[in-house]
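Visitor: This is the structure alone, sequence omitted:
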């Protein structure tokens, strides 16, 4: 088996061996549920779909995913286990991929546990379950994008607070890049930048998925976005492993 | 005798501070080298560069002929490394942790099981195999780290303070273990305990301020009738005095 998968399996088990898993999942479920039903007007809309739920996910992940990633490398440094992990016969890339896959699988578990919402809309009406599925796929890709950013930043500093704040800030940049405020501001002054900002926006790419559209270019965007940040992570790790 | 560890002009600078300054030596199969020096002398830094954890500023290190910078994975395959403080994942059980290390080293599930059982037998860990590592005493944790370094029977062992925190009986056992393995391996151990050098090492390298001050057999170091303590003090403080 590829060493990356062995690292991933260990990491994944570690989430559930500590209170991290419980706290994260409970808070995620409570917040996503509360937002969907209150601000999202889940019942009042009179439509059997998960649009209100999906619309909050990128903003919820904006804070929760960096909380997950801030400890990824910082914890290894604190325990000294980074010295053990990186002196095993694996490359930095394999270690990075392993940690990312574990965190991503963990996010997938948290997302899957929102299934009561899906059951609810199926009881109340006849939703398009294909759209629900692409919506969930989009959520997972957003989580992956934020995870990749957060993991790279976590390798940069041994201070978990700094890692968290920086990761939120960078994720926010990519979440807000496609918002009306930003694009209107930019298109009035720098029309080229507005186009670039929108094309780099995670939330803009995500919105297609919530409408049931899997565009190849959006999929490619997420894949290369994640790949880019994982590459950055491996480079940082290779050069800063000891300090 | 073939040199399994070759270090040439290894240098590590942190900003303007030179932690390791042109260290060169080689270790052949059958040798146990005691790496001695005061705190901050550069022992751990040298070992970390040898293990591929730190990149040298200049110079090279090779393990079984594999350059640790150019071919890190190949070099690490031949190496068993116990980092300073024997770090382990605290929430894992002893056998889970060792199985993880064995699997990463490419052993199949059944092979890994046998390897882990063998390493636990060598380091007397069977009694605590299912306990989470965080609940173990310092001596046990150190032995878990040691077991991790031994389980793939590497030709090269680099052990940073393997007996630190062990009681006298455990120290004796670890020394016996090192002595028993010595014939077919090249081993470097760092230590503060000078008696350990005379007890297990075939050669002692004394390092201070990043430079090698002495490289001789323990017997040669004390041949003028002085104690190991005196030799160590005069060498490491001698430059200032």
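Guide: Nice, thanks for sending it over. Everything numeric in this text was worked out from a predicted model, so none of it was measured.
Visitor: C-alpha from now on. contacts and neighbour counts both.
Guide: Fine.
Visitor: For residue 131, grab the count of nearby residues.
Guide: The chain I'm using is chain A. As a burial measure, residue A:131 scores 19 neighbours (other Cα atoms under 10 Å in any protein chain shown).
Visitor: Switch to chain B, please.
Guide: Residues near residue B:131, counting by other Cα under 10 Å: 15.
Visitor: Skip the chain neighbours and tell me the closest residue to it.
Guide: residue B:93 (5.0 Å; Cα to Cα, 6 or more residues apart in numbering or on different chains).
Visitor: Quick check, central residue of the chain?
Guide: Using chain A. For chain A, residue A:143 is the residue whose C-alpha lies nearest the centre (Cα atoms, centre = their mean; 1.7 Å).
Visitor: That was the other one, I meant chain B.
Guide: residue B:159 (1.6 Å).
Visitor: show me the residues around it that make contact.
Guide: Counting by Cα atoms under 8 Å, 6 or more residues apart in numbering or on different chains, residue B:159 touches B:80-83, B:146, B:187-190.
Visitor: run the last query once more with 7 Å
Guide: Counting by Cα atoms under 7 Å, 6 or more residues apart in numbering or on different chains, residue B:159 touches B:81-83, B:188-190.
Visitor: Phi first, then psi, for it.
Guide: Main-chain torsions, residue B:159, degrees, to the nearest 10: phi -120, psi 120.
Visitor: hang on, the earlier thing: take the contacts of residue B:159 and keep only those in helices.
Guide: Among those, none falls in helices (DSSP state H).
Visitor: What about chain A: which of those residues touch it?
Guide: residue B:83 (Cα under 7 Å from any Cα of the partner chain).
Visitor: nearest to residue B:59, of the contacts of residue B:159?
Guide: The closest of the contacts of residue B:159 to residue B:59 turns out to be residue B:188 (Cα to Cα; 18.9 Å).
Visitor: Can you report how many residues lie near the residue nearest to residue B:131?
Guide: Neighbours around residue B:93, by other Cα under 10 Å: 19.
Visitor: Next one: it from residue A:44, what distance?
Guide: 51 Å (Cα to Cα, to the nearest Å).
Visitor: what's the helix or strand hosting residue A:14 in contact with?
Guide: Using DSSP states H and E, residue A:14 sits within helix A:3-17. For helix A:3-17, the surrounding residues in contact (Cα under 7 Å, 6+ apart) are A:21, A:90, A:94-95, A:97-99, A:101-103, A:106, B:91, B:104.
Visitor: Please apply the same query to stretch A:131-149.
Guide: A:50, A:54, A:57-58, A:61, A:65, A:69, A:100, A:104, A:107-108, A:167, A:171, A:202, A:206, A:209-212, A:214, A:222, A:225-226, A:229-230.
Visitor: If you count neighbours, what's buried in it?
Guide: By neighbour count on 16 or more other Cα atoms under 10 Å in any protein chain shown, the buried set for stretch A:131-149 is A:131-132, A:134-149.
Visitor: Equivalent analysis for stretch B:130-143, please.
Guide: Residues of stretch B:130-143 classed as buried by neighbour count (16+ other Cα under 10 Å): B:132-133, B:136, B:138-143.
Visitor: Which of the residues you listed sits closest to chain A?
Guide: residue B:132 (10.3 Å; Cα to the nearest Cα).
Visitor: Give the full set of residues in contact with that closest one.
Guide: Here residue B:132 is in contact with B:90-94 (Cα under 7 Å, 6+ apart).
Visitor: how about a cut-off of 10 Å?
Guide: Neighbour list for residue B:132: B:89-97 [criterion: Cα atoms under 10 Å, 6 or more residues apart in numbering or on different chains].
Visitor: What about the residues you listed, which one has the most neighbours?
Guide: Going by other Cα under 10 Å, residue B:94 tops the contacts of residue B:132 with 30 neighbours.
Visitor: what's the nearest residue to that one if we skip its chain neighbours?
Guide: In space, residue B:94 is closest to residue B:129, 5.0 Å off (Cα to Cα, 6+ apart).
Visitor: Can you list the low-confidence ranges for the chain?
Guide: Since no chain was named, I'll use chain A. A:242-243 (pLDDT under 70).
Visitor: right idea, wrong chain: chain B
Guide: Chain B contains residues with pLDDT under 70 at B:1, B:238-241.
Visitor: still on that earlier bit, take the contacts of residue B:159 and keep only those in strands.
Guide: Filtering the contacts of residue B:159 for membership in strands, criterion DSSP state E, returns B:81-82, B:188-190.
Visitor: which two in those residues are spaced the farthest apart?
Guide: Most distant of the ones in strands among the contacts of residue B:159, by Cα to Cα, are B:81 and B:190, 11.8 Å apart.
Visitor: can you list residues touching both of the two?
Guide: With Cα under 10 Å, 6+ apart as the test, residue B:81 and residue B:190 both reach B:47, B:158-160.
Visitor: possible to save those as a markdown table with secondary structure?
Guide: Listed next are these as a markdown table, based on DSSP: H, G, I helix; E, B strand; the rest coil:
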| residue | secondary structure |
| --- | --- |
| B:47 | helix |
| B:158 | strand |
| B:159 | strand |
| B:160 | strand |
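Visitor: picking that back up, my understanding was that the residue nearest to residue B:131 contacts residue B:126; is that so?
Guide: No. At 11.7 Å, residue B:93 does not count as touching residue B:126 under the criterion of Cα atoms under 10 Å.
Visitor: how is chain B carved up into domains?
Guide: For chain B, the structural domains run B:3-78+B:155-238, B:90-153, going by automatic domain parsing.
Visitor: Look up which helix or strand residue B:175 falls in, please.
Guide: Residue B:175 belongs to helix B:168-181, assigned by DSSP H and E.
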